[in-house]
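*Asks:* fold the following for me, if possible:
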Amino acid sequence: MTDCREQSWLFQDLGRRKVEVDFGGGYLSSDGGGLILRELERHSGLVRDFAGCFVDYRDQRYIEHSVQELVSQRIHGLALGYEDLNDHDHLRLDPIHGLIAGKSDPLGQDRVLERDKGKALAAHSTLNRLELSAEAIDGRYHKIQAQPDQIEGLLIQRGVKAIPRKSAEIVLDFDATDDPLHGSQQGAYFHGYYRHYCYLPLYCFSGNIPLFAKLRDCKRDASDGTVEALQKIVPAIRQRFGKKVRIIVRADSGFAREAIMAWCEENEVFYCLGLARNDRLVELLRTHFEALKAQIKEGQEETPCRSFTEFDYSTLNSWSKARRVIGKAEILSQGDNPRFIVTNLPKDGWTTRTQAARFEAGALYEKFYCARGDMENRIKEQQMDLFADRTSTHWMASNQLRLWFSTFAHLIMSTLQAEVLKGTELESASIGQIRLRLFKIAARLKTSARRIHIELCTAYPLKALFSVVHQRLSALSSPA
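*Replies:* Presented below is the predicted three-dimensional model:
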């Protein structure tokens, strides 16, 4: 049977020239820019440390894929846009992916079995065993066992390390979101608000840096586990930045719980949380709404308009003491829109004029609290660009491992933006845009006894940016 690489096909002529097609182009990849991830790993060692959170019970004499190579293949696959394990049955043929994963022979010609030659990376079945081993190891088999506590601790440690070194104030954004389920996964329950079966993962970000990602069933309060997360994150921050660093917890009204606020107050942590409105709170804004409506009637204001006030407030039973509450009286074309936040940030700004201006009622609400909306963009990146919602295995433990894979991929991309892309046109781009513009470059790989030569697409439009990225990576990777 004739090898398809020797065949050629004629297409419609272009003028006097024939258009001939064959499969003689060599080893090609659409992910030539993914080599940037390989260089970044050489500097950070994040994937290496992550792989160190697994215990390998396999007989090392008979394995061809180390834990580090498997973890690298999975995480970098997510960063490059491949969401499913099935994708790796094709990616294992891609020499660029083999190079990124650290394979000594990216062409896969050193594989033991003849059927595996030319396939440098692991198939989906091997990666699936890696993920499923997170549930519970069976003593009859030699498997890889994930260590959840170590992985969670590493995420916090490396996330805190990624925060800029001279930070005097660190804002921790907490939020929960729905992760829709479409099968009989462990812990699948119906959520009345989201109106479908889902998980309810809890996230914590500092800016665009992920610090915490906990997969939970949805049969619980959205804030459940926040205090436990703070008990791990806050000591790690103070260990690196010292006790004088100002830590502020920011979240929506689902996190305005006595346990969270009391813990923050006891541990010298500040908070700025949304507060769900009720009849008592709305009544406290009644005079402000009346004043706004009078000004609109007299032509002094136009819709929409708003005013801010603050007062001490306590619930009837659930709060242990009165706290500072800021209310927004806003009139929209659709009607009144009262909103509230609760905080322990001092209105005098620690007697500092600049801070006092930041913490005035209006500024604190509009410029500080409302900025938490950017965290929702981080969660969208996590789920849409890095596929954190692909929690389709049966076991919650293996789905948690999948969530961590996505979160560590997010941390890699955050590090790339902070240390390499700062000041470039991609500094504030989404992860999807970075992938599309920086990683998706057509490449041809050629090997010889002395070198691996990768030819990138001549028509790539961001050559100058790629050169800058390479220079900065080289500076990062150079010995101290």
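
*Asks:* is it true that D13 touches V19?
*Replies:* Yes: A contact is recorded between D13 and V19 when judged using Cβ atoms under 8 Å, the distance being 6.2 Å. (Each C-beta comes from the backbone N, C-alpha and C, glycine too.)

*Asks:* who touches the helix or strand that contains I75?
*Replies:* Taking DSSP states H and E as the criterion, I75 maps to helix 67-79. By Cβ atoms under 8 Å, 6 or more residues apart in numbering, the residues outside helix 67-79 that reach it are 34, 37, 41, 47-48, 50-51, 54, 56, 65, 87-88, 91, 97, 100-103, 121-122, 126-127, 130, 144, 386-387, 405-406, 408-409, 412-413, 431, 435, 439.

*Asks:* which SS state does the residue positioned nearest the centre of the chain fall under?
*Replies:* Among the residues of the chain, the one closest to the centroid is H410, at 3.8 Å (Cα atoms, centre = their mean). The local conformation at H410, judged by DSSP: H, G, I helix; E, B strand; the rest coil, is helix.

*Asks:* helix, strand or coil for the closest residue to it other than its chain neighbours?
*Replies:* Excluding its sequence neighbours, the residue lying closest to H410 (Cβ to Cβ, 6 or more residues apart in numbering) is P210, at 5.0 Å. Remark: P210 carries the secondary structure label strand [criterion: three-state DSSP].

*Asks:* how about the helices in the stretch 151-300 of the chain?
*Replies:* For the stretch 151-300 of the chain, the helices defined by DSSP state H, counting those that start in this stretch cover 226-241, 258-266, 279-284, 286-297.

*Asks:* in strands only, show me the contacts of helix 67-79.
*Replies:* With strands defined by DSSP state E, the entries of the contacts of helix 67-79 inside them are F54, D56, I144.

*Asks:* make a PyMOL selection of the buried ones in those.
*Replies:* Only the buried entries of those go into this PyMOL selection, using 16 or more other Cβ atoms under 10 Å:
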select buried, resi 54+56+144
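
*Asks:* wait, which of the ones in strands among the contacts of helix 67-79 is closest to Y193?
*Replies:* When those are compared for distance to Y193, the smallest value, 36.2 Å, is given by F54; criterion: Cβ to Cβ.

*Asks:* how about the contacts made by that closest one?
*Replies:* Contact criterion Cβ under 8 Å, 6+ apart gives V67, V71, I144, Q145, A146, Q147 as the residues in contact with F54.

*Asks:* buried ones among those?
*Replies:* Of these, these count as buried by 16+ other Cβ under 10 Å: V67, V71, I144, A146.

*Asks:* right, and F50 touches E152 too?
*Replies:* No: F50 is beyond contact range of E152, at 11.5 Å (criterion: Cβ under 8 Å).

*Asks:* higher neighbour count, those two?
*Replies:* The neighbour comparison of F50 against E152 (other Cβ atoms under 10 Å) goes to F50, with 24 against 18.

*Asks:* show me what contacts the more buried one?
*Replies:* Counting by Cβ under 8 Å, 6+ apart, the residues that F50 touches are V71, I75, I151, L154, F408.

*Asks:* need the ones in strands among the contacts of helix 67-79 in CSV (columns: distance to G81 and pLDDT).
*Replies:* Rendered in CSV, the data for those read as follows (distance: Cβ to Cβ, whole Å; pLDDT from 0 to 100):
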residue, distance to G81, pLDDT
F54, 25, 95
D56, 28, 93
I144, 25, 90
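
*Asks:* quick one, strands of the stretch 251-400 of the chain?
*Replies:* For the stretch 251-400 of the chain, applying DSSP state E, counting those that start in this stretch gives strands covering 270-274, 305-313, 323-332, 335-336, 339-343.
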